[in-house]
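Here is my input; please provide its structure:
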Amino acid sequence: MSFLNKKKVLIPTLVAGFLFVAVSFQNDFFALAKQIEIFTNLYKIVNQNYVDETNPGNLMDVAIKSMLSELDPYTVYFDEQDVLKFKINNTGEYTGIGAIITRKDDKIILKEVYENMPADKGGFKAGDVITQIGDVVLKDFKDDASQLLKGAKNTKIDIVYFRQGIEKKGQIILDEVEIKAVPYYKLLSDKTGYIVLQKFNEKASAETKAALLSLKEQGATKIILDLRDNPGGLLHEAVNICNLFVSKEEIITTTKSQNKTHNHIYKTKNEPVDTEIPLAIIVNDRSASASEIVSGALQDLDRAVIVGNRSFGKGLVQRPFNLTYGTQVKVTISKYYTPSGRCIQATDYSKKDANGKAIKTSEKEYNAFKTKGGRIVYDGGGVLPDVEIADMKKSATSLSIANSDAVFEFANVLYYRNPNAKSASNISEAEYNEFKAFLKKEKVEINNNSDKSLKNLLEAAKKDKIDADIQIEIKQLEAAIEKTKDKELDKNKEEIKRLLLQELLLRYGYRNAFYDYVSTKYSDVLKAQQILNNPTEYKQILKK
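Residues are numbered from 1 along each chain as shown. A predicted model of the protein is given here:
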């Protein structure tokens with residue numbers, strides 16, 4: 001074929017390609033414009049003609065959130081207050097009281113008080129129930145009450161609160177609060193450096209590096225990086241943390257999207273701190289996102305032994321986009337892939353079951369990949385540790401209890417029996433039996449399926465007006481379910497005791513006391529130490 005003929009073929013092909021893209025863009029734009037016009041007209045007509053007075057802001061808020069709920073739980077709309085919280089989470093700094101709080105009914109409950117922060121200095125404790133802030137009575141205040149606890153540094157805020165049912169008055173002086181990404185690190189007795197990384201904010205890699213260097217100066221010859229319960233955060237900080245342990249120009253993660261502008265390869269950019277020091281990383285079912293980038297990448301590069309239990313499985317990357325009036329939308333823009341090429345996303349939000357719930361990837365659908373040294377690893381369901389720790393895996397029973405307020409509330413009872421004690425070392429059998437009685441009294445759901453099924457049965461019986469006729473059978477069912485619950489509580493006794501002790505340790509000695517206990521008693525930490533102290537086992541796992 002001559003050059004001229006080639007040009008004849010090529011030019012029409014290019015033109016056809018451009019026409020296709022143009023037509024496709026026009027079709028997409030028309031569909032988008034059409035739907036926006038329909039929605040705008042509908043929104044206007046409803047607000048102008050509805051029988052009762054409407055709140056346009058609330059209607060729009062519901063519409064936006066309902067639309068985004070069809071995608072995934074990470075694509076979310078932020079109003080002005082949400083944007084502020086998002087920034088605080090990323091920077092780890094704000095002016096406030098220094099406590100984790102929750103709003104329940106017409107009260108604010110202090111869930112955890114940070115040591116030497118404003119609330120702590122004001123004498124407040126976990127479990128205190130705030131009913132009034134300044135002149136504002138919370139039962140009459142329907143907006144975000146947490147904003148009443150923020151303001152300029154040195155602002156004095158008068159508080160009315162209840163402690164164990166007794167009304168008290170106090171004052172908090174607002175100050176700058178810094179939430180550390182690395183709240184704890186320590187040299188353990190066997191020259192193992194233990195670092196807790198709690199979140200991936202803008203200071204995560206700097207704080208981790210400082211901890212690593214300090215531990216090495218103290219004589220650390222091995223490192224444990226604890227990523228349990230770390231929900232993730234900034235992707236570039238995950239890359240920088242990997243860079244502490246691997247060489248410059250190493251691929252840590254790749255992001256891929258239908259929008260090619262979001263496709264990136266993330267490599268390490270700096271000189272490492274130590275590429276040889278034996279490293280173990282601990283993960284659990286609440287280690288997500290950036291935690292999985294770090295653990296997945298260092299597993300793929302055969303740089304660390306992963307210990308614990310399968311991680312959460314969030315392989316999606318989000319980016320915030322600014323909207324008008326100080327609002328934002330955080331959009332899932334891509335999926336991330338570890339160096340071996342695997343995506344550890346556990347749930348496919350594009351596929352829904354009959355009940356409209358997103359479908360979780362089954363183990364049969366996992367694909368095999370190879371690490372740098374040839375070890376087999378899998379995608380699809382989070383990062384599977386090289387060494388699993390069965391007794392640290394959460395049971396359904398303990399999860400349902402942990403998701404309630406039962407542990408928190410009963411820990412308050414135990415603490416105020418002996419508030420002047422220096423610490424707590426264990427939960428006695430008598431205290432555990434008392435907790436079981438507390439669960440029954442408070443009607444805490446332990447086996448959700450059984451409880452819900454019985455509840456549905458009772459409602460159906462009442463509708464059919466046969467509830468009186470089957471009272472004996474219902475009582476027998478209730479007794480059988482209670483007996484099963486009791487067996488489950490005894491079966492998972494040690495795990496539930498651990499939950500209670502965690503709460504008590506936070507009350508007596510804040511986070512330091514909690515991590516002191518974790519670093520010397522938890523079986524996943526002890527197993528990580530054992531592996532690091534056995535070079536043969538460590539190398540065998542990594543096949544070095």
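
For the rest of this, base every contact and every neighbour count on C-alpha atoms.
OK.

Take stretch 254-264, keep the C-alpha atoms, and write them as PDB.
Taking Å, rounded to 0.1, in the frame of the first residue of the first chain, the C-alpha atoms of stretch 254-264 are listed here in PDB:
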ATOM      1  CA  THR A 254      -1.500   2.400  41.300                       C
ATOM      2  CA  THR A 255      -4.900   4.000  40.900                       C
ATOM      3  CA  LYS A 256      -7.100   3.200  37.900                       C
ATOM      4  CA  SER A 257     -10.400   4.800  36.900                       C
ATOM      5  CA  GLN A 258     -12.700   5.100  33.900                       C
ATOM      6  CA  ASN A 259     -11.700   8.800  33.900                       C
ATOM      7  CA  LYS A 260      -8.100   8.500  32.800                       C
ATOM      8  CA  THR A 261      -7.100  11.700  34.500                       C
ATOM      9  CA  HIS A 262      -7.400   9.800  37.800                       C
ATOM     10  CA  ASN A 263      -4.900   7.100  36.700                       C
ATOM     11  CA  HIS A 264      -1.700   7.400  38.600                       C
END
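
Number of residues surrounding Q345?
By other Cα atoms under 10 Å, 25 other residues sit near Q345.

so it makes contact with G382?
Yes: when contacts are counted by Cα atoms under 8 Å, Q345 is listed as touching G382 (6.4 Å).

Can you list the low-confidence ranges for this structure?
1-28, 447-452, 454-455, 467, 544 (pLDDT under 70).

Need the residue closest to the centroid of it.
Nearest to the mean C-alpha position of the chain, by Cα atoms, centre = their mean, lies P231 at 3.6 Å.

and the host helix or strand of N89, which residues are buried?
In the assignment (DSSP states H and E), N89 maps to helix 80-91. By 16 or more other Cα atoms under 10 Å, the buried positions in helix 80-91 come out as V83, I88, N89, N90, T91.

Among these, which one sits closest to I38?
V83 (29.0 Å; Cα to Cα).

distance of that closest one from L458?
Separation of V83 from L458 (Cα to Cα, to the nearest Å): 44 Å.

for K111, same thing?
For K111, the distance to L458 - Cα to Cα - is 35 Å.

Could you do D106 as well?
Distance from D106 to L458, by Cα to Cα: 31 Å.

cool, and I223?
Relative to L458, and taking Cα to Cα, I223 is found at 55 Å.

and the two? which has more neighbours close in?
Neighbour count, other Cα under 10 Å: between I223 and L458, I223 has more, with 25 against 17.

who does the helix or strand harbouring that one pair up with?
Using DSSP H and E, I223 maps to strand 222-226. Its sheet considered, strand 222-226 pairs with strand 192-196 (parallel), strand 279-283 (parallel) by DSSP bridges.

Among those strands, pick out the one with the most neighbours on average.
strand 279-283 (a mean of 26; mean count of other Cα atoms under 10 Å).

mind saving the C-alpha coords of that one as PDB?
What follows is strand 279-283 as a C-alpha-only set of coordinates in PDB (Å, rounded to 0.1, in the frame of the first residue of the first chain):
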ATOM      1  CA  LEU A 279       9.300  -5.400  60.300                       C
ATOM      2  CA  ALA A 280       5.900  -6.800  61.300                       C
ATOM      3  CA  ILE A 281       2.600  -5.100  60.700                       C
ATOM      4  CA  ILE A 282      -0.500  -5.800  62.700                       C
ATOM      5  CA  VAL A 283      -4.000  -5.400  61.000                       C
END
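
which residues touch that strand?
The contact list for strand 279-283, computed with Cα atoms under 8 Å, 6 or more residues apart in numbering, reads 222-229, 295, 303-311, 385, 524-525, 528, 532.

now stretch 321-336
72, 74-80, 83, 253-259, 262-263, 315-320, 343.

Would you state the secondary structure element containing the residue nearest to K422 when sequence neighbours are not counted?
Nearest residue to K422, sequence neighbours excluded (Cα to Cα, 6 or more residues apart in numbering): Y508, at 6.4 Å. Y508 belongs to helix 493-521 when assigned by DSSP H and E.

Would you mind pulling up the elements that that helix packs against?
strand 107-113, strand 184-187, helix 396-402, helix 406-417, helix 523-532 (3 or more Cα pairs under 8 Å, 6 or more residues apart in numbering; DSSP states H and E).

can I get these in JSON lines with distance to I333 and mean neighbour count?
As requested, those are arranged in JSON lines below (distance: least, Cα to Cα, whole Å; neighbours: other Cα atoms under 10 Å):
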{"stretch": "strand 107-113", "distance to I333": "34", "mean neighbour count": "21"}
{"stretch": "strand 184-187", "distance to I333": "33", "mean neighbour count": "20"}
{"stretch": "helix 396-402", "distance to I333": "31", "mean neighbour count": "17"}
{"stretch": "helix 406-417", "distance to I333": "37", "mean neighbour count": "17"}
{"stretch": "helix 523-532", "distance to I333": "34", "mean neighbour count": "20"}
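
Make TSV out of those and add distance to I446.
TSV is the format used below for the helices and strands packed on helix 493-521 (distance: least, Cα to Cα, whole Å):
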stretch	distance to I446
strand 107-113	22
strand 184-187	33
helix 396-402	6
helix 406-417	11
helix 523-532	25
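
closest one to V46 among these?
strand 107-113 (34.7 Å).

Helix, strand or coil: sort out the residue nearest to the centre of the chain for me.
coil (DSSP: H, G, I helix; E, B strand; the rest coil).

Now for the nearest residue to it once chain neighbours are set aside: which residues touch it?
Nearest non-adjacent residue to P231, counting by Cα to Cα, 6+ apart: A288, 4.7 Å away. Residues near A288 by Cα under 8 Å, 6+ apart: D229, N230, P231, G232, S311, F312, G313, K314.

how far away is the first one from Y515?
I take that to be D229. 13 Å.

Tell me which of the two has more neighbours.
For D229 versus Y515, the count of surrounding residues by other Cα under 10 Å is larger for Y515: 23 against 19.

any idea how far the closest residue to the more buried one other than its chain neighbours lies from D300?
In space, and not counting its chain neighbours, Y515 is closest to Y184: 7.1 Å by Cα to Cα, 6+ apart. Remark: distance between Y184 and D300 (Cα to Cα) = 27 Å.

same deal with D72?
27 Å.
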